[in-house]
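>>> Got a sequence here, can you build the structure:
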Amino acid sequence: METIFIKGLIIGFVIAVPIGPTGLLCMSRSLYGGSRYGLLSWLGVATGDALAGGVAPLGLTMVSKFFFERHAWLNFLVGLVFCYFGIRILITGPAKPVPIVGPSKLLSGYTSTFFMTLTNPATFASVFGMYAGWGVKIPKDEYLSAALLAAAIFIGTAAWWLAIGATLSFCHNDLSKSAISTINIVSGALIVAVGVAFVVWV
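Down below sits the predicted model:
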């Protein structure tokens, strides 16, 4: 059990370190919508990674088969979502950061990144790849071990994003308006580019 938990922590952390389009979206939200909005967005990513991590070792072929057999239209759908959020960042970025505090807005921050992570076939591909590399094997009926692994992945992923969020919150006041705008433009453009790639290469 301890070995599974430690491996889960490492896997969760390693999966989170490469800052992809969803991570850029979370960073932009943190800068413009406030730390709570960014935090809940990051926790949505961590939850999606954890759920994928819990499903994969159980050998739930129906779930994994669903995602991999439908990777083409899922890539297309995820690409459209990335394009939407990227364009939204580019054209609606406020001149001055305005913290988002409404419960519905905060909840949408969590749910949007959760579904973006969970419906992205690359999430399952990276999890399966990490399991193969680390030799993670859990018997089909070992639900407790799978749950422990998922919890560890969540903690490892969330720890990385909390560190990023804390750094952004600490440095936010030292960033000039132009610097924040530049970060916003670059992140929005990269998210759109990734979205277009998903749509084109289905």
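>>> what sits against the spatially closest residue to residue 79 that is not a sequence neighbour?
Leaving out its chain neighbours, the residue that sits closest to residue 79 by C-beta to C-beta, 6 or more residues apart in numbering is residue 198, at 2.8 Å. C-beta: built from backbone N, CA, C; applies to glycine. Applying C-beta atoms under 8 Å, 6 or more residues apart in numbering, we find residue 198 in contact with 75, 76, 78, 79, 82.
>>> Tell me the confidence at the last one?
Residue-level confidence at residue 82 comes out at 78, pLDDT.
>>> Likewise for the first one?
Looking at residue 75, its pLDDT stands at 68.
>>> Can you find the helix or strand of this structure with the lowest average pLDDT?
The helix or strand of the chain with the poorest confidence is helix 61-69; it has a mean of 53 (mean pLDDT, DSSP states H and E).
>>> I'd guessed residue 117 sits against residue 49; true?
Yes - using C-beta atoms under 8 Å, residue 117 is in contact with residue 49, at 6.2 Å.
>>> Report whether the expected contact of residue 111 with residue 45 is present.
No - at 11.5 Å, residue 111 and residue 45 do not qualify as touching, with contact defined as C-beta under 8 Å.
>>> Between the two, which has more neighbouring residues?
Between residue 111 and residue 45, residue 45 has the larger neighbour count (other C-beta atoms under 10 Å), namely 27 against 14.
>>> where do the contact lists of residue 117 and residue 49 overlap?
With C-beta under 8 Å, 6+ apart as the test, residue 117 and residue 49 both reach residue 123.
>>> between these two, which one's more packed in?
residue 49 (26 against 23).
>>> any idea which helix or strand carries the nearest residue to the more buried one once chain neighbours are set aside?
In space, residue 49 comes closest to residue 157 once its chain neighbours are excluded; the distance is 4.9 Å by C-beta to C-beta, 6+ apart. Assigned by DSSP states H and E, residue 157 belongs to helix 143-172.
>>> and the spatially most central residue of the chain, what helix or strand is that in?
For the chain, the residue nearest the mean C-alpha position is residue 45 (3.1 Å; C-alpha atoms, centre = their mean). Element membership for residue 45, per DSSP H and E: helix 35-55.
>>> So which bits of that helix are buried?
For helix 35-55, a neighbour-count test (16 or more other C-beta atoms under 10 Å) marks 35-55 as buried.
>>> Could you do stretch 21-33 as well?
Buried residues in stretch 21-33 (16+ other C-beta under 10 Å): 21-33.
>>> Would you mind checking the average pLDDT for it?
For stretch 21-33, mean pLDDT rounds to 81.
>>> what's the answer for stretch 117-126, then?
On average, stretch 117-126 scores 76.
>>> all numbers from here: first residue = 38
Understood, numbering begins at 38; the last thing we discussed is stretch 154-163.
>>> May I see the buried residues of it?
Here stretch 154-163 shows 154, 155, 156, 157, 158, 160, 161, 163 as buried, counting by 16+ other C-beta under 10 Å.
>>> related to what we said a few turns ago, could you pull up the residues touching the residue nearest to residue 86?
When contacts are taken as C-beta under 8 Å, 6+ apart, residue 194 is in contact with 49, 50, 52, 53, 82, 83, 86, 87.
>>> From residue 165, how far out is residue 224?
Taking C-beta to C-beta, to the nearest Å as the measure, residue 224 falls 28 Å from residue 165.
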